[in-house]
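Based on what follows, work out the 3D shape:
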Amino acid sequence: MEAASRNRRIRFKSYTRPKSEPAKPPQKDEFDDEFLDLGDSDYSSSDSTSSDDENQSLSFPGNHSVKHSTILCQQVYVKSCRYFDKVPSTYFFRRLKRTHIDLSHHGLGIDGVKSVAIALVSNTTVQRLNISNNDIASEGLAHILQTLQENIVITDLNLSNNNLSTGGAVLLDGALSNNRIITKLDISANGFTEADAVPLSNLVKKNQSIRTLSLSKNSFREEGGIVLGKALECNDTITYMDLSWNHLRQRGAVSLCYCLQINNTIESINLAWNGFGMEGCYEMGKTLLNNRTITELDLTSNRISLDAFRQLLPGVGKNKTLKILRIGFNPLTTDGAIDVLRSIFISESAIEDLDLSDILVDDSFMKLLIEVKEKRNIRVKHGVVLRHDEITKGVHTSVLDTDDPMTILFEYMKQKNLRLIDLLHNLDRDHSDTLTRDEFQRGMTSIDLPLSSRALDILMKKLDINQDGQVDFEELTIKHKEYQRRITKLRMKSKTDRKFFKGFDKLEQLREAVRLRIALNVTRESQK
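As a prediction, this is how the structure comes out:
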């Protein structure tokens, strides 16, 4: 028993060196920066021969100083690199005595992370470990999770951008559901899908130590949002949750909002760059009426229109704990900006930081902002200020320079509820039933959607099928059908393959820009 208390033997079954392959002494050119001279005692004869045991065992002293522990970890790291025929990293070697190690973008891969994992088994100094962007996949993750079974010091773990996918989600559920050490976990951008939300939701339900959890830049979508929402209803430890960039829409968005009516521990939640729309805003408005713990809410770029935003406003005005609200990059118009500021002004809202980035405001908003700041201490970030005379005259209408002018043209037609023939007649100044480049230029400018010269060239090249310098109704019809098919195809692909989401999201942002221009034009007309 005394011998057992003095020594711990940690077995890594997957790390067995064949008996026919002797250990090699380190050479100076094996190290990435410089040779690490640990002395002859580091490589004793006992290390140069294989054990008769089937599994290689590493033995660590039970009680030792932090300094001695660090030296031991460094020795183990160098030996394990030699064992796996890998070049040791001086950077990692030297930082084994620190509390934070950042190995992001170090190209570890599945094999490289093995030595790192072994070195950290008995380490007593490293508390924060960042191995993001190393493509360790689920196989490499298994080594890290095996280390965490023994290491009781690491509390902050960043595994983002490592291609963990479904296998990684299952491993995380199995290894961390009952872990009581990790308090901060980042598993963003790992290719998780709706199906992977199930094992990850089990982790959220069962784990009782994680306080900060980042799941951003995955593809949980509608069904994943439902599953994670139900899991958060059961969690009572997470205080910060990041679910941005996850295609959360409709029922998924509603489920997450509903869980916040029950959950009483989450203080900050990032839901940016999803698609909450009308349904999500309605449910979030109800949530804010009841929730008393959320202090920070991020709904940046969620395709929230003015009508949808007004579903959220009652909750914003009556909630007395929400201090930070981020609602920028949404098509709220100047009216939406005034509405939220007025709601804060006339209510007991606790908001101290309001982010309206990229949302145009006018003189009325700026005057109201002065009044609000006289009453309370508040920081407000907003878009371009349009003066009253500039709004009326359209002085600040900027030219749209885009590679996809067809989206602007056909989105305008959709928003105005026009038929193709109506669009043709609206732009056709000489009543020839054809459109020239000049007519497109004048027509788009007249509807406050002026295109740059480059964008006009692209538009004519795409629409003018027979290249005669004019676009007739038949050509317009053909290209409109092609456009609709392209949109449908891109939307479907974005739901199944993450690489198409960026393109679809850019398309949606362009369509929102058109809607915003139209709404701004309506505001101008009403102020005349």
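
Just the buried positions in stretch 129-139, please.
In terms of neighbour count (16 or more other C-beta atoms under 10 Å), stretch 129-139 has its buried residues at 129-134, 136-139. Using the backbone N, CA and C atoms, a C-beta is placed for each residue, glycine as well.

Now find how far off-centre it is within its chain.
Using C-alpha atoms, centre = their mean, to the nearest Å, we find the averaged C-alpha position of stretch 129-139 to lie 17 Å away from the chain's own average C-alpha position.

re the thing from before, pick out whichever of the buried residues of stretch 129-139 sits closest to residue 454.
When those are ranked by distance to residue 454 (C-beta to C-beta), residue 133 comes first, at 35.5 Å.

Tell me the secondary structure at the spatially closest residue to the closest one that is not a sequence neighbour.
On the basis of C-beta to C-beta, 6 or more residues apart in numbering, the spatially nearest residue to residue 133 that is not a chain neighbour turns out to be residue 161, at 4.3 Å. Recorded secondary structure, residue 161: coil (DSSP: H, G, I helix; E, B strand; the rest coil).

How confident was the prediction at residue 161?
The pLDDT attached to residue 161 in the predicted structure is 96.

Near it, how many other residues are there?
When counting by other C-beta atoms under 10 Å, one arrives at 21 neighbours for residue 161.

circling back to that earlier point, restricted to helices, list the buried residues of stretch 129-139.
137-139 (DSSP state H).

Residue 341 contacts residue 372, doesn't it?
Yes. Under the criterion of C-beta atoms under 8 Å, residue 341 makes contact with residue 372 at 6.1 Å.

which residues are in contact with both of the two?
Common contacts of residue 341 and residue 372 (C-beta atoms under 8 Å, 6 or more residues apart in numbering): residue 380.

between these two, who's got more neighbours?
residue 341 (24 against 19).

Contacts only, for the residue nearest to that one when sequence neighbours are not counted.
Closest residue in space to residue 341, ignoring its immediate chain neighbours: residue 368 at 5.3 Å, by C-beta to C-beta, 6+ apart. Applying C-beta under 8 Å, 6+ apart, one finds that residue 368 lies in contact with 338, 341-342, 345.

can we see that at 10 Å?
Contacts for residue 368 were tallied using C-beta atoms under 10 Å, 6 or more residues apart in numbering; they are 337-338, 341-342, 344-345, 361.

what does residue 508 give?
With contacts defined as C-beta under 10 Å, 6+ apart, residue 508 is in contact with 275, 301, 303, 407, 487, 490-491, 494.

tell me how far the strand or helix carrying residue 252 is from the chain's mean position?
Secondary-structure element containing residue 252, defined by DSSP states H and E: helix 250-262. In terms of C-alpha atoms, centre = their mean, the centre of helix 250-262 is found 18 Å from the chain centre.

Let's have the buried residues of stretch 129-139 in JSON lines, adding pLDDT and distance to residue 474.
Written out in JSON lines, the entries for the buried residues of stretch 129-139 read as follows (pLDDT from 0 to 100; distance: C-beta to C-beta, whole Å):
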{"residue": "129", "pLDDT": "98", "distance to residue 474": "63"}
{"residue": "130", "pLDDT": "98", "distance to residue 474": "59"}
{"residue": "131", "pLDDT": "97", "distance to residue 474": "58"}
{"residue": "132", "pLDDT": "97", "distance to residue 474": "53"}
{"residue": "133", "pLDDT": "96", "distance to residue 474": "51"}
{"residue": "134", "pLDDT": "96", "distance to residue 474": "55"}
{"residue": "136", "pLDDT": "97", "distance to residue 474": "56"}
{"residue": "137", "pLDDT": "96", "distance to residue 474": "52"}
{"residue": "138", "pLDDT": "96", "distance to residue 474": "54"}
{"residue": "139", "pLDDT": "96", "distance to residue 474": "57"}
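
I'd like those residues as CSV, with distance to residue 447 appended.
Compiled in CSV, the buried residues of stretch 129-139 are given as follows (distance: C-beta to C-beta, whole Å):
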residue, distance to residue 447
129, 55
130, 50
131, 52
132, 46
133, 45
134, 50
136, 52
137, 51
138, 52
139, 56
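
just to revisit the earlier point, what about the contacts of residue 368, which are in helices?
By the criterion of DSSP H, membership of the contacts of residue 368 in helices covers 337-338, 341-342, 344-345.

Show me which of those are buried.
Among the ones in helices among the contacts of residue 368, those that count as buried by neighbour count (16+ other C-beta under 10 Å) are 337-338, 341-342, 344-345.

Touching, residue 261 and residue 283? I think so.
Yes. Contact between residue 261 and residue 283 holds when scored by C-beta atoms under 10 Å: they sit 8.5 Å apart.

These two: which is more packed in?
Between residue 261 and residue 283, counted using other C-beta under 10 Å, the more crowded position is residue 283 (22 against 16).

residues in contact with the more buried one?
The neighbours of residue 283, taking C-beta under 10 Å, 6+ apart as the test, are 253-258, 260-261, 276, 311-312, 315.

Report the separation between residue 302 and residue 508.
Using C-beta to C-beta, to the nearest Å, one obtains 11 Å as the distance from residue 302 to residue 508.

again, but for residue 283
Plainly put, residue 283 is 21 Å away from residue 508 if you go by C-beta to C-beta.

cool, and residue 352?
When distance is defined by C-beta to C-beta, residue 352 is 31 Å away from residue 508.

So which residues of the stretch 301-450 of the chain form helices?
For the stretch 301-450 of the chain, the helices identified by DSSP state H, counting those that start in this stretch occupy 306-318, 333-346, 363-375, 388-393, 405-415, 420-427, 437-446, in order along the chain.
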